[in-house]
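Visitor: sequence-free structure coming up:
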């Protein structure tokens, strides 16, 4: 059985300021840095053959910090696919160095749900303006989108196909996969893995910096430790 590690990035600076972040590219806070290191200790013993992150810096920081404590001794390196000369010039020619490295693949499809006109707005102020129920539905429901933004259904329409097409092949090859993404992109993936119904996803909250581990065996998923 191979393992899939899912990790929501550590707390960002805007998380601590209680602002809607979405696709705004905000870095980790000091708390987020510490959470990333705690997560790294939790998964340090699990061999990792490939890493997937979103295009937003908070997932990339989290993954790199977590891997800094990994016991496997391999070095993560970012694969900049489709960038012509950078792609060509970043080739690793040493077989030994290649064996000591773990590719990190960046995918915008794993980005956080885009929050539209709420991005940068204070969550408490939005509750006062629109009401607790409306803001809760924007944040947690399956099919309600904030003004100009995505709902979870729309998010799943990009995350789940990418997951099936790009991550599952590694698992089928017997390789352990580490994914560092966001609360809502991971909620959409967990909805697929656990076959959750839209009415159940409202209650799912994924904490920052806490690894979720699944085993994969012949198309079947199970939670692991």
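Guide: Ah, there it is. Small disclaimer: the values here were computed from a predicted structure and weren't measured.
Visitor: immediately after the helix or strand of the chain with the lowest mean pLDDT, which helix or strand?
Guide: Among the helices and strands of the chain, helix 85-89 carries the lowest confidence by mean pLDDT, DSSP states H and E, at a mean of 80. Per DSSP states H and E, the first helix or strand lying C-terminal to helix 85-89 is helix 95-99.
Visitor: Please name every helix or strand in contact with that following helix.
Guide: Taking 3 or more Cβ pairs under 8 Å, 6 or more residues apart in numbering; DSSP states H and E as contact, there are no helices or strands that helix 95-99 lies on. Every C-beta, even on glycine, is put in place using the N, C-alpha and C of the backbone.
Visitor: same question for the lengthiest helix in the chain, mean pLDDT?
Guide: For the chain, the longest helix by residue count, based on DSSP state H, is helix 30-42. The predicted model assigns helix 30-42 a mean pLDDT of 98.
Visitor: and if you look at stretch 152-163?
Guide: Here the average pLDDT along stretch 152-163 is 97.
Visitor: Please name the bridge partners of the residue nearest in space to the middle of the chain.
Guide: Centroid-nearest residue in the chain, with Cα atoms, centre = their mean: residue 181, separated by 1.0 Å. Note on residue 181: beta-bridge partners by DSSP bridges are residue 8.
Visitor: circling back to that earlier point, what's next to the least confident helix or strand of the chain, contact-wise?
Guide: Helix 85-89 has contacts (Cβ atoms under 8 Å, 6 or more residues apart in numbering) with 80-81.
Visitor: before we move on, what about stretch 138-152?
Guide: Residues outside stretch 138-152 that contact it (Cβ under 8 Å, 6+ apart): 20, 22, 113-119, 137, 153-154, 184, 187-188, 191, 198-199, 201-205.
Visitor: ChimeraX command for the buried members of the residues you listed?
Guide: Buried members of the contacts of stretch 138-152, defined by 16 or more other Cβ atoms under 10 Å, are picked up in ChimeraX with:
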select :20,22,113,114,115,116,118,119,137,153,154,184,187,188,191,201
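Visitor: Tell me where the model's unsure across this protein.
Guide: Per-residue confidence for the chain (pLDDT under 70) gives these ranges: 225.
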